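Chemist: Predicted model, plus sequence, below.
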Amino acid sequence: MEIFLPIAHMDINIFMIVAFGLLVGFLSGLTGVGGGFLITPLLIFVGVPPLIAVGTGAAQIVGASAAGSYAHWRMGNVDMRMALILLLGSWTGGLAGVRVARWLESSGHFGLVVTFLYVGLLGFIGLSMLLESLMAMRGARRPAKAAAGEKKSSWATRLPWQMDFPVSDLRISVLLPVSLGLAVGVLTALMGVGGGFVMVPIMLYVLKMPTKVVVGTSLFQLLFTTAEVGILQAGMNHAVDPYLALALVVGSIFGTQFGARLGARMPGEQLRLVLALVVVGVAVKMGLGLIIPPEHVFQVTRVL
Amino acid sequence: MIRLARLALSLLGAVAMGTASAAAGDIGGQTPSLVVGTGIDRVAVTSRFTGRELLVFGALSHPGAVVVVLRSPPSALAITQKVQTGPIWLTGQKVTVEKLPGVYEIAASAPLDRLLPAGTRQQLGLDLQDLIAKAQFEPEPEDRPRWERAVLTAKERSGSFVLRDHAVKITDGRLFSARLDLPASLPLGHYTLKTYLIRDGRVLAQSDESIDVEQVGLEQWVADVAERKPWLFGIGLTLLLAILGLGLGILMQRRSGS
């Protein structure tokens, strides 16, 4: 069913967008990795202007992560103090990122910057996932990174503003979660991703938070970060399309359920390999877009 | 209905008048005129709107060529140029174009350059290049003609600027009809539809109609709020997405749990 998108100013088949949500939700449910970093490229591939793809991508994560955050909060898996301090950083980063996005869009460079960011980030994530799952499938053990972690914590303990986090059983400097939040907020604003793939490893290996609270806390903070960025992208940049966002949320919630049910019965390593291949494929396709001569040298864009 | 009936009556009148003047043998004595109808005076845009056809028809008092011009309110656009740096295509200069109609469609019964001299064409706004030449470019690009050509190409590609010779059909020298295709992305507002009766390089008669393009229903409300109250829209949509996600998620968990 073709509908006209009021913000993106284009016709699109809304069932195709629901299918994107289903597909990405399915992969996300299957592997446990959030799919925000696949939604934005898919929207760009079908012709949604990059800034709207990014803004809508962030907004739809609010819907896709709400139920999960609520469930983790109910189970007591959220370190609330940590989450609030992360949010202090990520809301600042989100605000800064949305302003940078506006400035890039008005100078006409946003699309290019997003493409570079995605090629870099997806290439990195995809390749590391690929290596990891290949090594795991061969039965090789990853070398323990305990030594590197110890070194970090020695300078980390000397940072000012140390604070106790009883739920995580930690005493660390406030600067660490604030700067982590800041980076994730900028990523959310510029790329339309939740940033769980950055947040979770850093919480585990750098902050050394207990595994039990890592997923809940990161989900909880990304819910509120994407909510803030979604509101800012709509308010400042007119960059959130309501029909796209609703269709994506509906698709991804159903997709996640199917994926999670199927994922429970399938070997995890093969699943991660599939996701890694998808991610690398998207990065390659976006990278080719930079090299292949454009069909038209002049391109019409939005007036912000 | 009343509108159509009135139109039919005036069509009959016009044809009768035309017959009278044809009997007289020439234009002299009788003021040339034309009667134009579109069947609609309002286009309702919903989110399901993906373009539509606009039928323009009418009667002529004298034989001649007919040109129909549909003009939308101005709508700004931005255009960027891609430049190759090494192997990579980067975005170069960005230019904003203002004071240019969003949609501009010309349909004629014969090639325009054979109907009217260039001066008259520009005066009547029948020259697309000239229309773009009069638009405001910000910042003013160095190689302006190249950018003007790019704007014209882009506008033609999206179906927003259309020039079609032989798109007006004339029957018996008295009745004419033309089809215009309205694209999906229409600027809203008051459109003017001008119809010219042309003979021997001169405009004999002109008729002015108008069509209002407006959004209707829920779509109108959504687009309106998104445009005029973007913060309220952002907060409302974000809450809606959270509630939808929470509701659907809990529903699915209950179902799979039971």
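Modeler: In hand now; what should we look at? Being a predicted model, the structure only gives us computed values, none of them experimental.
Chemist: give me phi/psi at the residue in chain A positioned nearest to chain B?
Modeler: Residue of chain A nearest chain B, by CB to the nearest CB: A:Ala67 (2.2 Å). The C-beta positions use only the backbone N, C-alpha and C, and glycine is treated the same way. When read as degrees, to the nearest 10, the backbone of A:Ala67 gives phi -70, psi -40.
Chemist: Would you confirm that it contacts B:Leu251?
Modeler: No: with contact defined as CB atoms under 8 Å, A:Ala67 does not count as touching B:Leu251 (9.0 Å).
Chemist: of those two, who's got more company?
Modeler: A:Ala67 (25 against 13; other CB atoms under 10 Å in any protein chain shown).
Chemist: Tell me where the stretch 51-200 of chain A is predicted with low confidence.
Modeler: By pLDDT under 70, the low-scoring segments of the stretch 51-200 of chain A are A:139-157.
Chemist: residues of stretch A:97-104 that come out buried?
Modeler: By 16 or more other CB atoms under 10 Å in any protein chain shown, the buried positions in stretch A:97-104 come out as A:Gly97, A:Val98, A:Ala101, A:Arg102, A:Leu104.
Chemist: Take the residues you listed and keep only those in helices.
Modeler: Judged by DSSP state H, these include A:Gly97, A:Val98, A:Ala101, A:Arg102, A:Leu104 as members of helices.
Chemist: Including distance to B:Ile211, could those residues go into TSV?
Modeler: Below are those laid out as TSV (distance: CB to CB, whole Å):
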residue	distance to B:Ile211
A:Gly97	43
A:Val98	39
A:Ala101	37
A:Arg102	35
A:Leu104	38
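Chemist: For chain A, give me its nearest residue in chain B.
Modeler: Nearest residue of chain B to chain A: B:Gly249, at 2.2 Å (CB to the nearest CB).
Chemist: And that residue, how close does it get to B:Pro230?
Modeler: Distance from B:Gly249 to B:Pro230, counting by CB to CB, to the nearest Å: 28 Å.
Chemist: Could you measure from B:Met252 over to A:Gly29?
Modeler: For B:Met252 relative to A:Gly29 (CB to CB), the value is 11 Å.
Chemist: More neighbours: which of those two?
Modeler: A:Gly29 (23 against 17).
Chemist: Make sure that one is actually in contact with A:Gly251.
Modeler: No: contact criterion CB under 8 Å: A:Gly29 and A:Gly251 do not qualify, at 12.0 Å.
Chemist: Next, residue 187: secondary structure please.
Modeler: Unless you meant another one, I'm taking chain A. helix (DSSP: H, G, I helix; E, B strand; the rest coil).
Chemist: meant chain B actually
Modeler: Strictly by three-state DSSP, B:Pro187 counts as coil.
Chemist: Spit out the contact partners of it.
Modeler: B:Ser72, B:Pro73, B:Pro74, B:Ser75, B:Pro101, B:Gly102, B:Val103, B:Val213 (CB atoms under 8 Å, 6 or more residues apart in numbering or on different chains).
Chemist: Next to chain A in this structure, residues from the stretch 101-250 of chain B, please.
Modeler: For the stretch 101-250 of chain B, the contact set with chain A under CB under 8 Å from any CB of the partner chain comprises B:147, B:150-151, B:153-154, B:157-158, B:184-185, B:219, B:222-223, B:226-227, B:230-231, B:233-235, B:237-238, B:240-246, B:248-250.
Chemist: which residues of the stretch 151-258 of chain B score low on pLDDT?
Modeler: For the stretch 151-258 of chain B, the ranges with pLDDT under 70 are B:256-258.
Chemist: can you give me the strands for it?
Modeler: For the stretch 151-258 of chain B, the strands defined by DSSP state E, counting those that start in this stretch cover B:161-164, B:168-171, B:175-182, B:189-199, B:202-215.
Chemist: Could you list the buried residues of the second one?
Modeler: Right, the one you point to is strand B:168-171. B:Val168, B:Ile170.
Chemist: Show me what it is packed up against.
Modeler: strand B:65-71, strand B:175-182 (3 or more CB pairs under 8 Å, 6 or more residues apart in numbering or on different chains; DSSP states H and E).
Chemist: residue ranges with poor pLDDT in the stretch 1-150 of chain B?
Modeler: The stretch 1-150 of chain B contains residues with pLDDT under 70 at B:1-29.
Chemist: which parts of the helix or strand harbouring A:Ala59 are buried?
Modeler: Using DSSP states H and E, A:Ala59 falls within helix A:50-74. For helix A:50-74, a neighbour-count test (16+ other CB under 10 Å) marks A:50-73 as buried.
Chemist: In contact with A:Val62, which residues?
Modeler: With CB under 8 Å, 6+ apart, A:Val62 has these contacts: A:Leu223, A:Thr226, A:Ala227, A:Gly230, B:Thr238, B:Leu241, B:Ala242, B:Gly245.
Chemist: and if we set it to 6 Å?
Modeler: By CB atoms under 6 Å, 6 or more residues apart in numbering or on different chains, A:Val62 lies in contact with A:Thr226, A:Ala227, A:Gly230, B:Thr238, B:Leu241, B:Ala242.
Chemist: what does A:Val24 give?
Modeler: Contacts for A:Val24 were tallied using CB under 6 Å, 6+ apart; they are A:Gly35, A:Leu38, A:Ile39, A:Ser252.
Chemist: cool, A:Gly47 as well?
Modeler: Counting by CB under 6 Å, 6+ apart, A:Gly47 has no contacts.
Chemist: and if you look at B:Val95?
Modeler: Counting by CB under 6 Å, 6+ apart, B:Val95 has contacts B:Ile79, B:Phe137, B:Pro141, B:Trp147.
Chemist: Which residue is the nearest non-sequential neighbour of the third one?
Modeler: This means B:Pro141. Distances taken as CB to CB, 6 or more residues apart in numbering or on different chains place B:Trp147 nearest to B:Pro141, at 4.7 Å, with adjacent residues excluded.
Chemist: doesn't the one you found fall inside a strand?
Modeler: No: B:Trp147 is assigned helix when assessed by three-state DSSP, not a strand.
Chemist: any idea how far A:Gly289 lies from A:Gly111?
Modeler: The spacing between A:Gly289 and A:Gly111, counted by CB to CB, is 10 Å.
Chemist: Show me which of those two is the more surrounded one.
Modeler: Neighbours were counted for A:Gly289 and for A:Gly111 using other CB under 10 Å; A:Gly111 has more, 21 against 18.
Chemist: host element of that one?
Modeler: Using DSSP H and E, A:Gly111 falls in helix A:110-137.
Chemist: helices or strands up against that helix?
Modeler: helix A:50-74, helix A:268-291 (3 or more CB pairs under 6 Å, 6 or more residues apart in numbering or on different chains; DSSP states H and E).
Chemist: one more time with 7 Å
Modeler: Where contact means 3 or more CB pairs under 7 Å, 6 or more residues apart in numbering or on different chains; DSSP states H and E, helix A:110-137 is packed against helix A:50-74, helix A:80-107, helix A:175-191, helix A:268-291, strand B:88-98.
Chemist: Any idea how far it is from the middle of the chain?
Modeler: 12 Å (CA atoms, centre = their mean, to the nearest Å).
Chemist: What are the buried residues along it?
Modeler: A:110-115, A:117-119, A:121-123, A:125-126, A:129-130, A:133, A:136.
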